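> With the input below, show me the fold.
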Amino acid sequence: MTALVTGASSGMGLEFARALVRDTDFVNKLKSGEITRSECGHSNYCIGRMYTLEMKCNRCVAHLPESLRKEVEKAERQWK
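Got it, this is the predicted structure:
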């Protein structure tokens, strides 16, 4: 848990940031045992979006264009 919160292991900081974009109460839910991992996919859609629009998880965007939805799904399949 400490490594997750502090980002002590390699690459953990970005993974933690995505989890917080998806659910701003992520740390509290993890700490309470309500969840054991983030529901975040690893497409980095939220990171790419932050430079042009508000940062938001692709699962929280209404009317995501079909072509973009397919790209997100393709990226997330690589992480499964």
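
> who's in contact with the most centrally placed residue in the chain?
Centroid-nearest residue in the chain, with Cα atoms, centre = their mean: residue 18, separated by 3.1 Å. Shown in contact with residue 18 (Cβ atoms under 8 Å, 6 or more residues apart in numbering): 38, 40, 42, 44, 46, 47, 57. All C-beta spots, glycine's among them, are computed from the backbone N, C-alpha and C.

> Counting only helices, which of the residues you listed make the cut?
Judged by DSSP state H, helices contain the following of the contacts of residue 18: 46, 47.

> hang on, the earlier thing: list phi and psi for the residue nearest to the centre of the chain.
phi -60, psi -40 (degrees, to the nearest 10).

> Against residue 66, how distant is it?
For residue 18, the distance to residue 66 equals 23 Å [Cβ to Cβ, to the nearest Å].

> Which residue ranges of this protein form helices?
Under the criterion DSSP H, the chain carries helices at the ranges 2-6, 12-22, 26-32, 45-49, 66-77.

> Could you export those helices as JSON lines, including mean pLDDT?
Formatted as JSON lines, the helices of the chain follow (pLDDT from 0 to 100):
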{"stretch": "helix 2-6", "mean pLDDT": "45"}
{"stretch": "helix 12-22", "mean pLDDT": "71"}
{"stretch": "helix 26-32", "mean pLDDT": "91"}
{"stretch": "helix 45-49", "mean pLDDT": "77"}
{"stretch": "helix 66-77", "mean pLDDT": "86"}
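
> how close does residue 35 get to residue 27?
10 Å.

> Also residue 51?
Taking Cβ to Cβ as the measure, residue 51 falls 25 Å from residue 27.

> Between those two, which has more neighbouring residues?
Comparing residue 51 with residue 27 by other Cβ atoms under 10 Å, the one with more neighbours is residue 27, at 15 against 7.

> Now for residue 32: which residues touch it?
With contact set as Cβ under 8 Å, 6+ apart, residue 32 has no partners.

> burial measure for the spatially closest residue to residue 36 that is not a sequence neighbour, as a count.
In space, and not counting its chain neighbours, residue 36 is closest to residue 30: 7.4 Å by Cβ to Cβ, 6 or more residues apart in numbering. Here the count is done by other Cβ under 10 Å, and residue 30 has 18 residues near it.
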